[in-house]
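Enquirer: sequence plus predicted model, see below.
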Amino acid sequence: MRSPQLYDLLLRGGTIVTPDGARPADVAVLDGRIAALLPPAAPAAGPAAKATLDATGRHVLPGLIDSHVHFRTPGLTHKEEWRTGSMAAVAGGVTTVIDMPNTVPPLITPEDLATRRRLIEGQSLVDYRCHAGVDPSRVAAMRDWDRAEADSFKVFLSSHHTTPTVVRDVRTLRRIFAIAADTGVTLLFHAEDDTVFSLLDQRQAPPVRYSEYERHRPRTGGIVATAQLINLTAEFGVRTHVVHVSTREETDLLAAAASAGIPITFEVTGHHLTFVDADIRRLGPRIRLRPAIRDEADRDRLWEAVRTGEAATVGSDHSPHTALEKARPVPDVPPGLPGVQELFGTLWRGLRSRWPQEATETLMAVVAERLALAPARLFGLADRKGSVEVGKDADLVVVDAEAPWTMTPGRIHTKNGWSAYEGSELLGAVEATVRRGEVVYRQDGSGEVFGERNGRWLPARGSGAAGTAPGGPAGRPRLHTAAAPSVG
Ligand SMILES: [Zn+2]
């Protein structure tokens, strides 16, 4: 018999989603951590707790981790800020975000991180860390970081014309890989080749309609960059993660590279899983994106990759712009849309509708893996985050898997005030979000209630893909054997 214990919080009656599957269990929380997973008990027979949360008939997922957001602090807070961005996050079941470096100024040095952390203090409902940036004019600054502060670096191989830190030449790119091989950090890539786009731009006028946009920023740019990154990843043995993969060709290449033992993984976004070129007529600037929205065959392949695990993570690439910015003439419209609040509802709707025969528990496990465990492992958080297990932070989401909901202007929390998903029916209502044992979001009959803005910055610990020794570098690769074609 366990000795009587007064817990801080008890989530009662739910079905928890764990790495081994789903099962009914009550979750007992003490000091911000999961203290016990208990057999479901009648309210009178259960352990004593200062507070209880009824999760009867609901699924209890690990707090979701969105490893790709742009919360725009510092310098771009007219588009988004942590106060509003983190409200959108917890309303979508997200308890941890990893923020991108392309702010004004960008996050390049430890001092930049200190500044950002000061600005976020007291504003955030979610825990967070940041991907550091790489400035091509001072690549050596990558060495100034402690691994706990920055162990993942975002590299833009092309971008919107206002991004100052685009790496355009191979020599610089090779230096970045060499430093990453030395220090053991992970490289993240916006993998579209800038030379390809520049060459094409010399032969065609800027687009005047959104329907022409894909022709101006075609899949070729992504395919060329991805092939180059696979070669460099194999050569240097650096762990790389390609964000927002949009085409079937890139997906096939990356999946093949990973099966050959090359340490490359990739992310798919909620918007590339949702929208196709036919939607551009209806949504115009709202889904002007980089990479561009592709076609149905691409979207089908991306879903397959999410279902099978070829895609390691699903991210929102939450990138708000104001309605005014999106109303500019076509060539000047900034790419990006908000999406952290809609991410779970989008992913769950798609999994449910595309695989109707699968058990709810099987598909929930896919959500828990792509949106919690995998990003936790890749980015040094798995000792505290990413799964419903005793000893981990009590980051938990209570969802009604069967409840549809519609994104309406009144539900939008992001600062820009619009969503490309307005009017769409999503699936899976987030009823409560718990972060380190505190209820930071609650939805009931009377509306939405938010908790305290005491989200913390998280140091990285023991990052690496599954199988990598904690804290150790990725290790030198078996280059030529890994890349060699199989003989069969
Ligand atoms: Zn992004």
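Expert: Received, thanks. Numbers count the residues shown, from 1 in each chain.
Enquirer: what segments of the protein are helices?
Expert: 82-91, 110-120, 170-183, 194-203, 213-216, 219-236, 248-259, 280-283, 296-308, 323-326, 343-354, 360-368, 374-378, 479-483 (DSSP state H).
Enquirer: dihedrals phi and psi, P19?
Expert: Backbone torsions of P19, given as degrees, to the nearest 10, read phi -60, psi -20.
Enquirer: ok, and the closest non-adjacent residue to it?
Expert: S387 (5.6 Å; C-beta to C-beta, 6 or more residues apart in numbering). Quick note: C-beta positions are derived from backbone N, CA and C, even for glycine.
Enquirer: which residues touch R219?
Expert: S246, T247, E249, E250, P291, R294, D298 (C-beta atoms under 8 Å, 6 or more residues apart in numbering).
Enquirer: if we use 6 Å, what do you get?
Expert: Taking C-beta atoms under 6 Å, 6 or more residues apart in numbering, we find R219 in contact with T247.
Enquirer: repeat for the one 4 residues further on
Expert: For I223, the contact set (C-beta under 6 Å, 6+ apart) comprises E249, E250.
Enquirer: distance of it relative to D298?
Expert: 12 Å (C-beta to C-beta, to the nearest Å).
Enquirer: hang on, the earlier thing: how about the helices of the chain, which one is nearest R72?
Expert: Nearest to R72, of all the helices of the chain, is helix 82-91, at 7.5 Å by C-beta to C-beta.
Enquirer: mean confidence for that closest one?
Expert: For helix 82-91, mean pLDDT is 98.
Enquirer: and that helix, what other elements does it pack with?
Expert: Under the contact criterion of 3 or more C-beta pairs under 6 Å, 6 or more residues apart in numbering; DSSP states H and E, helix 82-91 touches strand 438-444.
Enquirer: angle of the strand it packs on against helix 82-91?
Expert: Between the axes of strand 438-444 and helix 82-91, defined by axes from the mean of the first three to the mean of the last three C-alpha atoms, to 10 degrees, the angle is 70 degrees.
Enquirer: neighbouring contacts of strand 438-444?
Expert: Contacts for strand 438-444 (C-beta under 6 Å, 6+ apart): V90, A91, L125, E431, A432, T433, V449, F450, G451.
Enquirer: ok, 7 Å please
Expert: Strand 438-444 has contacts (C-beta atoms under 7 Å, 6 or more residues apart in numbering) with 53, 90-91, 125, 430-434, 448-452.
Enquirer: equivalent analysis for stretch 358-374, please.
Expert: Against stretch 358-374 from outside (C-beta under 7 Å, 6+ apart): 17, 19, 21-22, 59, 61-65, 306-307, 309, 311-314, 347-348, 351-352, 355, 386-387, 401.
Enquirer: for stretch 111-118, same thing?
Expert: With contact meaning C-beta under 7 Å, 6+ apart, stretch 111-118 is reached by T73, P74, P105, L107, C130, E149, W457.
Enquirer: do stretch 414-421 as well
Expert: For stretch 414-421, contacts defined as C-beta under 7 Å, 6+ apart pick out 79-81, 84-85, 88, 283, 286-287, 320-323, 337-338, 341-342, 407, 412.
Enquirer: wait, E80 sits on P320?
Expert: Yes. Using C-beta atoms under 7 Å as the test, E80 is close enough to P320 to be in contact (4.2 Å).
Enquirer: between the two, who's got more neighbours?
Expert: The residue with more neighbours, out of E80 and P320, is P320; 30 against 25, by other C-beta atoms under 10 Å.
Enquirer: so what's the residue count around L324?
Expert: L324 has 9 neighbouring residues, counting by other C-beta under 10 Å.
Enquirer: could you do R294 as well?
Expert: Close neighbours of R294, defined as other C-beta under 10 Å, add up to 21.
Enquirer: now swap in F197 and tell me
Expert: When neighbours are counted by other C-beta under 10 Å, F197 registers 17.
Enquirer: T195 now?
Expert: Residue crowding around T195 was assessed by other C-beta under 10 Å; the count is 15.
Enquirer: so what's it closest to, chain neighbours aside?
Expert: Per C-beta to C-beta, 6+ apart, closest to T195 is R168, 7.3 Å.
Enquirer: that neighbour contacts D194, correct?
Expert: Yes. Assessed by C-beta under 7 Å, R168 is found in contact with D194 at 5.2 Å.
Enquirer: who has more neighbours out of those two?
Expert: Counting neighbours by other C-beta under 10 Å for R168 and for D194 shows that D194 has the greater number, 17 against 14.
Enquirer: list the contacts for that one?
Expert: If you count contacts by C-beta under 7 Å, 6+ apart, D194 has them with L157, S158, V166, R168.
Enquirer: please tell me how far I223 sits from E250.
Expert: Using C-beta to C-beta, I223 is found at 6 Å from E250.
Enquirer: what does R58 give?
Expert: Distance, R58 to E250, by C-beta to C-beta: 37 Å.
Enquirer: and what of G122?
Expert: With C-beta to C-beta as the criterion, G122 and E250 are 40 Å apart.
Enquirer: of these two, who's got more company?
Expert: Neighbour totals were compared for G122 and E250, and E250 leads with 27 against 12 (other C-beta under 10 Å).
Enquirer: that one - nearest residue in space that isn't next to it in sequence?
Expert: Setting aside the residues directly before and after it, E250 is nearest to T226 in space (C-beta to C-beta, 6+ apart), at 4.7 Å.
Enquirer: pretty sure the one you found sits against E192.
Expert: No. With contact defined as C-beta under 7 Å, T226 does not count as touching E192 (9.0 Å).
Enquirer: so what sits against both of these two?
Expert: By C-beta under 7 Å, 6+ apart, no residue touches both T226 and E192.
Enquirer: max pairwise distance over the contacts of stretch 111-118: which two?
Expert: P105 and W457 (18.6 Å).
Enquirer: between the contacts of D194, which is closest to H216?
Expert: S158 (12.2 Å).
Enquirer: partners of the closest residue in space to W405 that isn't next to it in sequence in the sheet?
Expert: Spatial nearest neighbour of W405, chain neighbours left out: A429 (5.2 Å); criterion: C-beta to C-beta, 6+ apart. Beta-bridge pairing of A429 under DSSP bridges involves D400.
Enquirer: which parts of stretch 10-25 are buried?
Expert: Using 16 or more other C-beta atoms under 10 Å as the test for burial, stretch 10-25 gives L10, L11, R12, G13, G14, T15, I16, V17, T18, A22, A25.
Enquirer: correction: the previous question concerned stretch 135-147.
Expert: Using 16+ other C-beta under 10 Å as the test for burial, stretch 135-147 gives D135, P136, V139, A141, M142, W145, R147.
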